[in-house]
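Novice: below: sequence and its predicted model.
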Amino acid sequence: MEKAERCAIHNQRQPCGICRVLRNQRIGPEKGTGIVSAIAAIGKNRELGKGNELLWRIPDDMKRFKKLSMGHPIILGRKTFGSIVRAIGKPLPGRTNIVVTRDAKWSYDEVIVAKSLEEALEKAKGAPGSEEIIIGGGAQIYKQALPYTTRLYLTLIDDEGEADSFFPEYEDEFTIKLNEERHEWNGLKYVWVDLERT
Ligand SMILES: NC(=O)c1ccc[n+]([C@@H]2O[C@H](COP(=O)([O-])OP(=O)(O)OC[C@H]3O[C@@H](n4cnc5c(N)ncnc54)[C@H](OP(=O)(O)O)[C@@H]3O)[C@@H](O)[C@H]2O)c1
């Protein structure tokens, strides 16, 4: 059987439903679809969090997260959404919050619920700012979303911490560096790095 051509970015059958990559030539997002970008702050071992809490809270990094995600639909696992509500008392403002859960009874005011990551991506396409759909974590969602993800906005923290959730391996797939900025806060070194799929 002839091997089906696949999108070089999302590994979907041609034409890719997300970015319309045609014969390995990127021709831009289809109308009503967008690129999918993940934002995460990770330690040296790709640590994300422990006990459903973040390991590091760097004020400038929180501002960067806000700036990058503002105005765009953001997809969150039910656990990460819970930790956000505990921290700020409400969903992320100025962004369509889309929460992925298997719990058919789960709901939250002004939040879109999705039964799967794929349903969340479909719903995100119809939201304001969908030219860039943000994956906001946590570990389960980053992992499932990685095949659909074109761009990573990472904060690489020069530290290690005890963790129970980790960002998936990405290093071999995301080798195009768009930007890199080195910073330090209270003696903690970190790098903002924007990557795209090879
Ligand atoms: N450092 C960072 O940048 C960053 C960013 C975000 C989060 N985090 C950290 O990540 C940790 C949380 O990550 P996590 O992996 O434990 O949880 P998560 O990904 O936030 O949420 C997991 C939940 O999402 C739902 N889910 C996952 N896959 C699904 C699917 N295919 N279909 C339907 N529902 C699905 C399930 O909800 P139900 O159980 O309701 O079915 C599951 O329990 C926390 O420590 C948080 O602080 C860190």
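Specialist: Done, it's in.
Novice: ok, and does stretch 42-62 reach over to the ligand?
Specialist: Yes - interface with the ligand: stretch 42-62 contributes 48-50, 52-54 (CB under 6 Å from any ligand atom). All C-beta atoms are positioned from the backbone trio N, CA, C, and that covers glycine.
Novice: contacts for that stretch?
Specialist: Residues from elsewhere that reach stretch 42-62 (CB atoms under 8 Å, 6 or more residues apart in numbering): 40-41, 79-80, 82-83, 137-139, 142, 154-169, 183, 185, 188, 190, 192.
Novice: now stretch 34-41
Specialist: The contact list for stretch 34-41 (CB under 8 Å, 6+ apart) reads 18-19, 29, 48, 54, 56, 58, 61, 65, 68-69, 121, 124-125, 130-137, 142, 145-146, 148-155, 157, 167, 190.
Novice: filter those residues down to the buried ones.
Specialist: Using 16 or more other CB atoms under 10 Å as the burial test, the contacts of stretch 34-41 include 18-19, 29, 48, 54, 56, 58, 61, 65, 68-69, 121, 124-125, 130, 132-137, 142, 145-146, 148-155, 157, 167, 190 as buried.
Novice: mind checking which of those land in strands?
Specialist: Counted as lying in strands by DSSP state E, out of those, are 48, 54, 132-135, 151-155, 157, 190.
Novice: can you redo these as TSV with distance to Asn179?
Specialist: What follows is those, written out as TSV (distance: CB to CB, whole Å):
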residue	distance to Asn179
Leu48	22
Leu54	23
Glu132	15
Ile133	20
Ile134	17
Ile135	18
Arg151	11
Leu152	11
Tyr153	9
Leu154	11
Thr155	12
Ile157	17
Tyr190	14
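Novice: just the closest of those to Leu117, please.
Specialist: Ile135 (8.8 Å; CB to CB).
Novice: show me what that closest one is bridged to.
Specialist: Ala38, Ile75 (DSSP bridges).
Novice: and for Val99?
Specialist: Leu76, Val113.
Novice: please report how far it lies from the ligand.
Specialist: Going from Val99 to the ligand by CB to the nearest ligand atom, to the nearest Å gives 8 Å.
Novice: and if you look at Thr101?
Specialist: With distances taken as CB to the nearest ligand atom, Thr101 is found 3 Å from the ligand.
Novice: same check, this time on Gly138
Specialist: Taking CB to the nearest ligand atom, one finds Gly138 at 2 Å from the ligand.
Novice: tell me the pLDDT of that residue.
Specialist: Per-residue confidence (pLDDT) for Gly138: 97.
Novice: show me the contacts for it.
Specialist: For Gly138, the contacting residues are 48-49, 52, 76-77, 79-80, 165, by CB under 8 Å, 6+ apart.
Novice: so what are the domain limits for the chain?
Specialist: 1-31, 35-196 (automatic domain parsing).
Novice: which residues of the chain lie near the ligand?
Specialist: Counting by CB under 6 Å from any ligand atom, the chain sits next to the ligand at 40-41, 48-50, 52-54, 77-80, 83, 100-103, 106, 115-117, 136-141, 144, 165.
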